[in-house]
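**Student:** okay, sequence plus prediction incoming.
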Amino acid sequence: MSEAVFVGLPRRLVKLTIDGREFEVAEGSTILDACRRMQIDTPTLCQLDNLTPVNVCRVCVVEVEGSRVLVPACSRKVEAGMKVQTDSDRVRHSRRLVLELLASSVDMSLCSPQVHAWMGRYGATPSRFGDQVATAAQPVKIDNDLYVRDYSRCILCYKCVEACGVDAQNTFAIGVVGRGFDAHISTEFDTPLPDSACVYCGNCIGVCPTGALMFKSEHEMRAAGTWDESRQKVTETVCPYCGVGCMLELHVQDNSIVKVTSPLDHSVTSGHLCVKGRFGFEFVQRREAKR
Amino acid sequence: MFGAGGGTSSYQEAEETDLIILWGSNARETHPIFFHHLLRGVRGGAKLIAVDPRRTSSAEWADIWLGIDVGSDIALANAMAREIIHAGLAHTEFISRATTGYEEFARCVEAYTLERAEAETGVPAAAIKEVALAYARAEKGMICWTLGITEHHNATDNVLALINLGLLTGKVGRYGSGLNPLRGQNNVQGGGDMGAIPARLPGFQDLEDPEIHDKFARAWGGATFPGRKGWHLSEMFEAMDRGDLSSLYIVGENPARSEADQGRAVRLLSGLDHLVVQDIFLTHTAQMAHVVLPAAAGWAESEGTVTNSERRVQRVRRALEPPAGARDDIDIICELARRLGSDWGHPTAEQVWDECRSLSPMHAGMAYRRLEELGGIQWPCPDESHRGTQFLHARLWKHPVEGPRAPFHAVEHDPPVDRLSEEFPIRLTTGRRLDSFNTGVQTNEYTSPLRKGEALLISPEDGQRIGVEDGECVRVSSRRGSVDVNVRIEPTLRPGLAFMTLHFPDQVSTNILTIDATDPKSGTAEFKASAIRIDKIPAQVPAS
């Protein structure tokens, strides 16, 4: 048995200028990739490393010399000689407005601390539109024992649709329906999940940036005031079920598993799991007599 | 295969291959995250072929579905081989340089004409030919299989028939081409790698090779241990039957529910002089035991490693405190050794692993630190500068070929032992569903919205013929026993084929029906092929 590793085809380097600094990245990289390599913090909401960019949130926009409109850094590929501004007035204004419009209509309180930091950095003040604005407020959808959908928190980033669709699960249980402000995520004919094509892999939860999609256990603990991330420890291990060997991140609070995720950069899972891996952990914490 | 019991390819290759044959595998439900990799391949233009008696949710994604009759896989594989040879698509250079036994193999498959194969398999001749030529012509091609191949009385021959196809077309040992059993549990591969099979020591080293035996004996302080291979599971049950095996120590297995011909299995386990069961649950088997050793859960309450279907060794870690009284497997085994008069101390999982690395060359480079850094390592990994092996058998393409050549094995079609007859006219095959796992001990503890409980799935045609409707209770009988179960009409099944799972043994003991005809080489029972009769009964089974 001899060693054989396929390393992929070599890629040329492309030189571009970002915020006045020259930099080289591999061809095929996005402006966002280049910004990250240069440690330029760039806000993103609909982008995730394991999903195809859909360019819907527009919060990562940058100014490219010669381009009439701002371009999304998450999907625009670098080109030789490109000159990019990531912090011009136009960029800052646009990013601020995107964050303000979203936060004025959607409950973004459960977004990561990073998102709140971006709001601070760009001076986003959602309240400036007054309190008569239309919002996405609606009751939480609870129609199964595994996860809940709180669309008053949904910013329509499409990540759940992507993860349910071609980027991972290929189940197509959900899509975006409606136009303009009425656009929303829905199952086919808006049926409850148990009547839909959903297979409860929870890969939509894994990619949701706002807490709109949540383990039912987390939803209940939050409602009871017992959810406390500062007391949670995350341990990486391997799923106990089939032989694929998916890496799990067990989120444990008070010696109980309260949530299961998988690292986005793991070669086996790319962050995605199946229903057994994501939800099938209960047995380990219920050890009365069994079969 | 060819001396190393593991899948040859990495998952990444499924994304970049040109053609995948999923043979006796419903990976969409049983290996869902591998299927993600496979779907990336399909999205990228790879052709998918599903060989399965059932039109499964995996087959729905296939370009071609071969709805094969249960247990006729060798007839199909041999006929494919014959077509490939006759079309002049055999990889003659690879065959002459890197293989042995081709002449005998070619003579054997010559008898498998398309007409004969169509009669044996139920697959139209034209479809067999199309798939054979597509596989042979693909630049890169993979065959992946699971229990549809191995849960047969001739499991090993089934696997050999698939390996023959890979050798015939040179589709092994190259990036994107390979032969891959998808493992059913998170450490099936690792268990075999560690020597939990009758003839091997860790690293697939031959127990009966005196040099290997001496190496281990020296490392273990001159310890004596048998130099002859032991029994596999089915042989153990045979030995219990003969009275040659009277004491049993079972670790993490529930044979009282998982064995075929359950009545016999329970009777033999009950007849033991001494039964010790080490498990995380008081399973049905544990309830029969004289001594129960409560264990910590391997994946969430212990430190260690497991090995997946692409030979990747990965760390499992302790995230939870085990329940009071439950102890780590290493702790239990060492304590047992101490009471038997051998002090093995109190090693950590890492110390045990390091000892394994010192004795098993294919694991030698896999220090815990490196497993962490590299996100797991694929064996073989002979030293600490080696990054692991993405695919096996590249040696077969070296000039000259390194190591032993890969042998063809001429294998003949041999239908399932449990023959269909006028009395038992329906073929029952068993399998698994997306949200459940084996005998349900683990998965029945979470509430799955997909779960509908056990049912006998039959085709609409059979439903009509027997005169039963969806939800109606029937009595299902095989030559070994009967169970009562509700019918579910399943349009994806062909007439004459029925399906049940093993997930709900408390509701319906499917294994009362199955046959324990086992493969003499692997010890696997023919769970996939029972002959049954379906009779209407008026009473209702209690709701699940």
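**Tutor:** That came through, no problem. Numbering: from 1, shown residues only, chains lettered A, B, ... in the order given.
**Student:** would you mind listing the buried residues in the host helix or strand of B:Glu120?
**Tutor:** Applying DSSP states H and E as the criterion places B:Glu120 in helix B:114-121. Residues B:114, B:116-118, B:120-121 are the ones in helix B:114-121 that count as buried (16 or more other C-beta atoms under 10 Å in any protein chain shown). Heads up, the C-betas are built off the backbone N, CA and C, glycines and all.
**Student:** how about stretch B:435-453?
**Tutor:** B:435-446, B:448-449, B:451.
**Student:** and residue 22, bridged to which residues?
**Tutor:** In the absence of a named chain, this looks at chain A. Beta-bridge partners for A:Glu22, by DSSP bridges, are A:Thr17.
**Student:** you looked at the wrong chain, it should be chain B
**Tutor:** B:Ala50, B:Cys144.
**Student:** contacting residues for it?
**Tutor:** B:38, B:48-52, B:58, B:62, B:144-145 (C-beta atoms under 8 Å, 6 or more residues apart in numbering or on different chains).
**Student:** rerun that using 6 Å as the cut-off
**Tutor:** Counting by C-beta atoms under 6 Å, 6 or more residues apart in numbering or on different chains, B:Leu22 makes contact with B:50, B:58, B:144.
**Student:** which ones are touching the second one?
**Tutor:** Listed by C-beta under 6 Å, 6+ apart, the contact partners of B:Ser58 are B:22, B:26-28, B:50.
**Student:** the same query, at a cut-off of 7 Å, please.
**Tutor:** B:22, B:25-28, B:35, B:50 (C-beta atoms under 7 Å, 6 or more residues apart in numbering or on different chains).
**Student:** kindly report the same for the first one.
**Tutor:** The neighbours of B:Ala50, taking C-beta under 7 Å, 6+ apart as the test, are B:22, B:58-59, B:62, B:65.
**Student:** could you do B:Ala81 as well?
**Tutor:** So, once contact is read as C-beta under 7 Å, 6+ apart, B:Ala81 ends up touching B:109, B:164-165, B:168.
**Student:** next, the angle helix B:114-121 makes with the helix or strand containing it.
**Tutor:** Element membership of B:Ala81, judged by DSSP H and E, is helix B:73-86. Angle, helix B:73-86 to helix B:114-121, by axes from the mean of the first three to the mean of the last three C-alpha atoms, to 10 degrees: 160 degrees.
**Student:** with adjacent residues omitted, what lies nearest to A:Val25?
**Tutor:** Nearest residue to A:Val25, sequence neighbours excluded (C-beta to C-beta, 6 or more residues apart in numbering or on different chains): A:Ala34, at 4.7 Å.
**Student:** doesn't the one you found fall inside a helix?
**Tutor:** Yes: looking at A:Ala34 with DSSP: H, G, I helix; E, B strand; the rest coil, it is inside a helix.
**Student:** quick one: average pLDDT of stretch B:476-489?
**Tutor:** Stretch B:476-489 comes out with an average pLDDT of 96.
**Student:** could you pick out the longest helix of chain A?
**Tutor:** Longest helix of chain A, by residue count under DSSP state H: helix A:89-105.
**Student:** check which helices and strands that one sits against.
**Tutor:** strand A:61-64, helix A:113-121 (3 or more C-beta pairs under 7 Å, 6 or more residues apart in numbering or on different chains; DSSP states H and E).
**Student:** compile these into CSV and extend it with columns for mean neighbour count.
**Tutor:** Shown next, in CSV, are the helices and strands packed on helix A:89-105 (neighbours: other C-beta atoms under 10 Å in any protein chain shown):
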stretch, mean neighbour count
strand A:61-64, 22
helix A:113-121, 15
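**Student:** dump the ones you listed to JSON lines, plus distance to chain B and mean pLDDT.
**Tutor:** Putting these into JSON lines (distance: least, C-beta to the nearest C-beta, whole Å; pLDDT from 0 to 100) gives the following:
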{"stretch": "strand A:61-64", "distance to chain B": "29", "mean pLDDT": "98"}
{"stretch": "helix A:113-121", "distance to chain B": "24", "mean pLDDT": "97"}
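**Student:** pick out the residue of the stretch 101-250 of chain B closest to chain A.
**Tutor:** B:Arg183 (2.6 Å; C-beta to the nearest C-beta).
**Student:** and that residue, that one's in a helix?
**Tutor:** No: counting by three-state DSSP, B:Arg183 falls outside a helix, being coil.
**Student:** what's the nearest residue to it if we skip its chain neighbours?
**Tutor:** A:Gly243 is the one closest to B:Arg183 (C-beta to C-beta, 6+ apart), at 2.6 Å.
**Student:** pLDDT score for the one you found?
**Tutor:** As predicted, A:Gly243 sits at a pLDDT of 95.
**Student:** isn't there a strand covering it?
**Tutor:** No: assigned with three-state DSSP, A:Gly243 falls outside any strand and is coil.
**Student:** could you measure it against B:Arg312, distance?
**Tutor:** For A:Gly243, the distance to B:Arg312 equals 10 Å [C-beta to C-beta, to the nearest Å].
**Student:** where do the domain boundaries of the chain fall?
**Tutor:** Just going to use chain A. A:9-135, A:147-285 (automatic domain parsing).
**Student:** switch to chain B, please.
**Tutor:** B:11-181, B:188-378, B:426-443+B:450-536.
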